[in-house]
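> need the 3D shape of this:
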Amino acid sequence: LGSDLGSLSAVTDNGDGTYTATLTAGTTAGTAHLTGTLNGSALAATTVTLDPGAVDATHSGVVAGSGVSSTDTGATVAVTVTVRDAHDNPIPNVHVVLAQGATSSSISPNPLVGADSDATGRAVFTVSDTVAETAVYSATAGTTTVTQTASVQFQAGTPAKLVFGQQPANAVAGATLSPAITVRILDAHDNLTSSTAQVGLVVAGATLSGTTPAAAVAGVATFSDLAVAKAGTGYKLSASSTGLPDVDSSAFDVATGPASAADTTFSVSPTSINADGSSGTSTVTVHVKDALDNPLATGGKTVALLSDRGSLSGVTDRGDGTYTAELTATGVPGTAHVGGTLDGATIGDTASVTLVPPVPVVAIDSGVASSPTNPITRRTMPRRLVPIRIAITSLAVLAACAQPARVPTAPGPVPVGPRPAAAGHPGFDTG
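From the prediction side, this is the model:
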């Protein structure tokens with residue numbers, strides 16, 4: 001007798017027409033094919049199945065098809081569990097469950113179902129993950145926990161979106177935005193990528209100074225020197241990178257900086273007034289600004305004003321960043337130059353108001369000494385002085401206007417009409 005597996009003892013003649021031998025299994029499982037001869041003639045062959053031994057924890061194995069995968073949708077890794085006995089014989093039809101630690105990957109078939117080992121002792125599972133993490137897989141075959149484990153590092157997938165890491169905080173005009181702004185480049189499942197792409201920032205309604213765009217490092221673009229010069233509220237930064245949709249930051253405000261006397265300005269209304277000292281005043285307004293020309297919106301500053309002509313009233317704090325005073329002319333024509341100080345510092349701007357010369361009023365004697373008695377009132381009519389507002393063009397005109405007119409002294413009607421003109425000048429109707 002002979003066998004291709006195991007070992008056979010010597011044949012024993014039992015003396016009753018039967019012969020026996022003992023087949024002892026070796027360390028290899030499988031099917032033993034027994035053959036023999038009787039008096040030189042071949043006997044019909046037979047087989048004996050040599051089953052594997054019990055599941056052995058250290059000889060069984062867990063192997064991942066790849067140690068690295070992506071979090072992109074559709075990326076998977078095969079994890080194979082091979083069930084073996086102590087002699088590395090594969091064991092079929094053993095129920096196998098694949099599990100993981102605290103990670104969140106997907107396992108198929110899932111641990112509640114598991115899978116049975118096939119004829120080769122293998123049970124194959126498919127794993128995937130949407131979170132960038134390293135998953136460690138362990139297996140249980142029957143009631144035996146396999147010693148070996150397999151790990152898969154799931155890395156962030158293809159860049160798909162931008163998000164602000166550090167949002168902008170409220171700031172002062174011209175001051176560096178702090179903390180530094182960061183923009184993260186993520187995959188479709190919000191995992192931080194390793195991208196080194198350029199990321200740019202802009203702000204609507206103002207100019208953003210500083211270094212932009214900036215190259216991302218390990219998926220993070222950092223902006224440490226940004227500033228907004230224009231004061232305002234509700235600003236938003238907009239981030240962009242080639243191939244990715246733009247994204248806006250949360251809103252932030254930029255406050256006006258400290259008052260700057262050098263950048264503070266004046267305005268006047270009206271720009272000219274009559275120099276007669278009583279016809280009107282001009283309002284002088286001080287507009288307090290910061291060093292970047294942003295107007296202050298609150299009061300509380302000390303403003304002092306002076307003028308080289310006319311007289312200025314006290315300064316009124318309007319509570320909105322403006323201060324006013326009234327300039328009144330004192331009879332001297334010319335240009336009034338107004339300047340001042342802000343909290344003791346000289347204001348960089350000045351204002352000018354034109355003081356227009358007044359129009360003189362001349363009283364002209366009508367020349368009528370006394371009229372006959374008024375026929376209605378029976379009263380004597382007095383001499384009339386007729387005020388006429390004229391623009392004096394020469395002293396000759398004024399002198400001519402000052403001469404009394406000659407009128408008849410005899411009773412009778414008083415002539416009314418143009419008086420004889422002075423040499424070279426028209427007469428005036430005194431009527």
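
> the helix or strand encompassing V268 - contacts with which helices or strands?
Element membership for V268, per DSSP states H and E: strand 265-269. For strand 265-269, the elements it packs on are strand 281-287, strand 351-356, judged by 3 or more Cβ pairs under 8 Å, 6 or more residues apart in numbering; DSSP states H and E. Using the backbone N, CA and C atoms, a C-beta is placed for each residue, glycine as well.

> tell me who's in contact with T103.
Going by Cβ atoms under 8 Å, 6 or more residues apart in numbering, T103 touches 129, 131, 133-136.

> same thing but at 6 Å, please
133, 135 (Cβ atoms under 6 Å, 6 or more residues apart in numbering).

> and it, what pLDDT?
Here, the pLDDT recorded for T103 equals 94.

> ditto for L305
98.

> the closest residue to it other than its chain neighbours and A304, how far apart?
Using Cβ to Cβ, 6 or more residues apart in numbering and skipping the chain neighbours, the partner closest in space to L305 is G340 (4.0 Å). G340 is 5 Å from A304, where distance means Cβ to Cβ, to the nearest Å.

> the more surrounded of these two?
A count of neighbours by other Cβ atoms under 10 Å puts G340 above the other of G340 and A304, at 23 against 17.

> helix or strand: which one has L98?
Using DSSP H and E, L98 maps to strand 95-100.

> ranges for the helices of the stretch 251-400 of the chain?
Using DSSP state H, counting those that start in this stretch, the helices of the stretch 251-400 of the chain run over 395-402.

> hang on, T281 packs against E326?
Yes - using Cβ atoms under 6 Å, T281 is in contact with E326, at 4.5 Å.

> overlap in contacts, those two.
Common neighbours of T281 and E326 (criterion: Cβ under 6 Å, 6+ apart): none identified.

> if I look at the closest residue to G2 other than its chain neighbours, how far off is T46?
Nearest residue to G2 in three dimensions, chain neighbours excluded: T35, at 5.2 Å (Cβ to Cβ, 6+ apart). Between T35 and T46 the computed distance is 8 Å (Cβ to Cβ).

> again, but for G200
82 Å.

> more neighbours, those two?
Neighbour totals were compared for G200 and T46, and G200 leads with 17 against 11 (other Cβ under 10 Å).

> where does that one land on pLDDT?
We note a pLDDT of 98 for G200 in this prediction.

> L38 now?
L38 is assigned a pLDDT of 87 by the prediction.

> that one - how many residues pack around it?
8.

> grab the nearest non-local neighbour of A86.
Closest residue in space to A86, ignoring its immediate chain neighbours: D56 at 4.4 Å, by Cβ to Cβ, 6+ apart.

> for stretch 329-336, list the C-alpha coordinates in PDB.
What follows is stretch 329-336, C-alpha atoms only, in PDB (Å, rounded to 0.1, in the frame of the first residue of the first chain):
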ATOM      1  CA  ALA A 329     -16.500 140.600   9.100                       C
ATOM      2  CA  THR A 330     -15.500 143.700  11.000                       C
ATOM      3  CA  GLY A 331     -15.600 146.300   8.200                       C
ATOM      4  CA  VAL A 332     -12.200 145.700   6.700                       C
ATOM      5  CA  PRO A 333     -12.400 144.000   3.200                       C
ATOM      6  CA  GLY A 334      -9.900 141.500   2.000                       C
ATOM      7  CA  THR A 335      -9.300 137.700   2.500                       C
ATOM      8  CA  ALA A 336      -9.700 136.200   5.900                       C
END
